[in-house]
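1. Provided below for reference: sequence and predicted model.
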Amino acid sequence: MPPSLTELHLGNTYGCEEDVSDSDIVHVVASCPYLQVLHLASLNKVTKEGLCALRSLTSLEKLELYFMPHIKSEDVAACLPSLQEWNINGITFLRSEQGTHKK
């Protein structure tokens, strides 16, 4: 993957499990430090630990997660404190001074 990559789609939207783990997410983060948009789908082996690896993506503006049963909105809020908006299974969550809420 080119280091200058700014958008990445990883996984599939058919709900079929992909063989991607937390260590694979760590590798993506290290290889693509300028990601601004990240779409992850059907990555059943990715846990909160893999999600927290995204913290070093200082340019990340948009995160979309689909069919990822081990990841909850609270995990995104805890692992990525600078991310203001994210989407899980089509539901958009916003961070505000009052906490996290659905859009």
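-> Happy to help now that I have it.
2. what's the closest non-adjacent residue to residue 57?
-> residue 35 (5.2 Å; C-beta to C-beta, 6 or more residues apart in numbering). To be clear about C-beta, it is placed using only N, CA and C from the backbone, and glycine gets the same treatment.
3. residues making contact with the lowest-mean-pLDDT helix or strand in the chain?
-> Using mean pLDDT, DSSP states H and E, strand 99-102 stands out as the lowest-scoring helix or strand of the chain, at a mean of 74. With contact meaning C-beta atoms under 8 Å, 6 or more residues apart in numbering, strand 99-102 is reached by 73, 74, 77, 91, 92, 93, 94.
4. at 7 Å instead, please
-> 73, 77, 91, 92, 93, 94 (C-beta atoms under 7 Å, 6 or more residues apart in numbering).
5. tell me which strands it pairs with, and in which orientation.
-> Its sheet considered, strand 99-102 pairs with strand 91-96 (antiparallel) by DSSP bridges.
6. for the strand it pairs with, which positions count as buried?
-> 93, 95 (16 or more other C-beta atoms under 10 Å).
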